[in-house]
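K.L.:
Got a sequence here, can you model it:
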Amino acid sequence: MTPLAQALLFPDWPAPANVGACVTTRAGGVSLPPYDTFNLGDHVGDAPQAVAENRQRLSSTLQVRPAWLKQVHGVDVAHADPERVCQADACWTSTPGIACTAMTADCLPVLFCDRAGSRVAAAHAGWRGLAAGVLEATLDTLAIAPDQVLVWLGPAIGPQAFEVGLEVREAFTRQHPEAHTAFVPGEQPGKLLADIYALARIRLAARGITAVYGGGLCTVSDPRFYSYRRTPQGGRFASLVWLKPR
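P.N.:
Numbering: from 1, shown residues only. Okay, here's the model as predicted:
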């Protein structure tokens, strides 16, 4: 088994047998410090040839063709296309062998599939995109009955580390008053600690999505992951989901 294959993490969700999913870590690649070693982001200052080699290793290890996005903290959902880089914060596919990807380093990656194993999606949800409705936009695009949707919440900044301003709570409670339960007072005056996992679950529940898994890994405290808050100059890891050939 290669170092990359050993470093991959796999979601703990009851997805159909033909749905594959994984999360990369910082290990298994060729990037030099401060991007060591498996940086997949081509927009963070890393050597382009290192990023290209890391992406090729990922594709070869998983035997899939990842569809990469130019993420902008918005709500656009693209049809996953390995041949071009779309500006979007989520993508979906019903084609086996194409991996939907979300690159993060504290933002919340969210993976979706249906119980029939016919379509999958991945979304990048920072607090702005989450509040703007990127998860809802992804669900609208998938057009699957709520009771047929499975969701997995990947590694993100944990509730003990995510200090935000009061405007962030306002952005969420305007739409879902119960979102106030995802915030507690921070150490600094006028600051709050936010639970991005709880915020995602509240928004998914409002759409009737209750089969939600994951949500227990903090990128800031877990050195396996890149974290912008911990190390502003660093890389990006990816969460991927795909359909296997039947």
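K.L.:
CA only for contacts and neighbour counts going forward, please
P.N.:
OK.
K.L.:
most centrally placed residue in the chain?
P.N.:
Nearest to the geometric centre of the chain sits P109, at 1.4 Å (C-alpha atoms, centre = their mean).
K.L.:
Pull the contacting residues for that one.
P.N.:
Contact analysis of P109 by C-alpha atoms under 8 Å, 6 or more residues apart in numbering lists A102, M103, A122, A123, H124, A125, L153, G154, P155, A156, S239.
K.L.:
any idea how far R229 is from R128?
P.N.:
Between R128 and R229 the computed distance is 16 Å (C-alpha to C-alpha, to the nearest Å).
K.L.:
And the lowest-mean-pLDDT helix or strand in the chain, what's buried?
P.N.:
Ranked by mean pLDDT, DSSP states H and E, the weakest helix or strand in the chain is helix 3-7, scoring a mean of 94. Across helix 3-7, burial judged by 16 or more other C-alpha atoms under 10 Å covers L4, A7.
K.L.:
ok, back up a step: in the contacts of P109, find the pair that's most separated.
P.N.:
The span of the contacts of P109, defined through C-alpha to C-alpha, is set by A122 and A156 at 14.3 Å.
K.L.:
neighbouring contacts of the longest helix seen in the chain?
P.N.:
Scanning the chain for the longest helix, with DSSP state H as the assignment, gives helix 48-62. With contact meaning C-alpha under 8 Å, 6+ apart, helix 48-62 is reached by L4, A5, G29, V30, S31, F38, N39, L40, G41, D42, R65, P66.
K.L.:
circling back to that earlier point, the next helix or strand after the least confident helix or strand of the chain packs against which elements?
P.N.:
Helices and strands here follow DSSP states H and E; after helix 3-7, the next one along the chain is strand 19-23. The helices and strands touching strand 19-23, judged by 3 or more C-alpha pairs under 8 Å, 6 or more residues apart in numbering; DSSP states H and E, are strand 237-243.
K.L.:
now the angle from the strand it packs on to strand 19-23?
P.N.:
Between strand 237-243 and strand 19-23, the angle comes out at 180 degrees (axes from the mean of the first three to the mean of the last three C-alpha atoms, to 10 degrees).
K.L.:
Direction included, what does strand 237-243 pair up with?
P.N.:
Here strand 237-243 is paired, per DSSP bridges, with strand 19-23 (antiparallel), strand 98-104 (antiparallel).
K.L.:
Show me how far that strand is from its chain's centre.
P.N.:
8 Å (C-alpha atoms, centre = their mean, to the nearest Å).
K.L.:
and if you look at stretch 226-238?
P.N.:
14 Å.
K.L.:
Going by residue numbers, what spans are helices in the chain?
P.N.:
Along the chain, counting by DSSP H, helices occupy 3-7, 48-62, 127-132, 134-142, 166-173, 196-206.
K.L.:
what's the closest of those to G215?
P.N.:
Set against G215 and scored by C-alpha to C-alpha, the helices of the chain come closest in helix 196-206, at 5.8 Å.
K.L.:
What is that closest one packed up against?
P.N.:
Short answer (3+ C-alpha pairs under 8 Å, 6+ apart): helix 196-206 packs on helix 134-142.
K.L.:
ok, now which ones touch Q188?
P.N.:
If you count contacts by C-alpha under 8 Å, 6+ apart, Q188 has none.
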